[in-house]
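[1] The following comprises the amino acid sequence and a computationally predicted model.
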Amino acid sequence: MSKMPLTDEQLKHQAPALFTEQPHYDVSDKYHFIPTIDVVNEIKANNWYPVSVSEANVRDIDKEGYQQHLVRFRHFDDLLHPQDNAVELLLFNSHDRSKSFSISAGIYRFVCSNGLVIADSVFETYKIKHLGERENDVATAVANITAIKPKLLDKINTLSSIELTQLEKESFARSSIPLRFDKHLQVNHTDLLTPHRDEDTSNDLYTVLNVIQENLLRGNISGVNKITNRRFTSKEITSISKDVDVNQGLWDIAEKISSIKEPALALAA
């Protein structure tokens, strides 16, 4: 994750699909094609700048340059005055219809370089269909995410103020296992609570959320395949879609825990 905005040259080097100028030949004639870089430039015009980009690996070589990709943006104010956490704007797209054009909100935690994706139950994902002055979905989505930034940062403060007991931490970890592992894969839920730095030894809900997230996404969790009885070690999640699914699921669980522990705060949010 860059601390400064990425240049067009860096974007093109890391994710050439952003600059594809036509859709994959398999898509329908009705497909409304918008080059991703055009949307990137419009978002930049609204004071959000790209700081990270990735694109999915492809098995079919014909899909190279058309595959799913993700660009993460940070607001000008947060680049100028970095804090421990920053709200990010996430732009998803593909040119083969594997992923629709959409904008979501995320949170970046600098201490562990983790990027959380806000669950749809908390923040709506906006679909993009148009550019320009008429029905400008991009401007609407960017404006809404900009407006909700303070509320999302307040939500972090709320989660950080809620202390969890050991049993509650373990319940959180157990609830998160299905987000990453199939039913026939057995892992020790307490391994998901292992912190990797001194800053992550706190028992507050936000820290626990980030610890579990890091262990699920980065892998190296040992377990047993109950069907074959073979042991395995989980690998890092590299799929954009799976990364988002795990992140959104974790945020949703944290929201539920927050509403149980502090119902008054949940009602006020």
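    Received, thanks.
[2] need the helices for the stretch 51-200 of the chain, in chain order.
    76-80, 137-161, 166-180 (DSSP state H, counting those that start in this stretch).
[3] Relative to Ser259, which of these is closest?
    Ser259 lies closest, by C-beta to C-beta, to one member of those: helix 137-161, at 10.5 Å. Backbone N, C-alpha and C define where each C-beta goes, glycine included.
[4] ok, and what's touching the closest one?
    Identification of contacts with helix 137-161 by C-beta atoms under 8 Å, 6 or more residues apart in numbering yields 39, 42-43, 46-48, 75, 85, 87, 89, 103, 105, 107, 118, 122-124, 126-131, 204-207, 209, 254, 258, 262, 265, 269.
[5] contacting residues for Asn41?
    Shown in contact with Asn41 (C-beta under 8 Å, 6+ apart): no residues.
[6] Weed out the non-buried ones from the contacts of helix 137-161.
    The neighbour-count criterion (16 or more other C-beta atoms under 10 Å) marks 39, 42-43, 46, 48, 75, 85, 87, 89, 103, 105, 107, 118, 122-123, 126, 128, 131, 205-207, 209, 254, 258, 262, 265 among the contacts of helix 137-161 as buried.
[7] taking those one by one, which sit in strands?
    In strands, judged by DSSP state E, the following of the buried ones among the contacts of helix 137-161 are found: 48, 75, 85, 87, 89, 103, 105, 107, 126.
[8] and Val244, what pLDDT?
    With respect to pLDDT, Val244 has a value of 89.
[9] Look up how far Thr7 lies from the residue nearest to it when sequence neighbours are not counted.
    Leaving aside its chain neighbours, Val244 sits nearest to Val117 (5.1 Å; criterion: C-beta to C-beta, 6 or more residues apart in numbering). Distance of Val117 to Thr7, computed by C-beta to C-beta, to the nearest Å: 25 Å.
[10] just Asp137 next, same as before
    For Asp137, the distance to Thr7 equals 26 Å [C-beta to C-beta].
[11] And the pLDDT at the spatially most central residue of the chain?
    Note on the chain: the residue nearest the mean C-alpha position is Val117, at 3.3 Å, using C-alpha atoms, centre = their mean. Predicted confidence (pLDDT) for Val117: 80.
[12] got it, and the one 5 residues further on?
    At Val122 the predicted local confidence, pLDDT, stands at 68.
[13] Please apply the same query to His130.
    At His130, the pLDDT value in this model is 56.
[14] element containing the nearest residue to His196 once chain neighbours are set aside, please.
    In space, and not counting its chain neighbours, His196 is closest to Glu214: 6.5 Å by C-beta to C-beta, 6+ apart. Per DSSP states H and E, Glu214 falls inside helix 205-218.
[15] Done for today, thanks.
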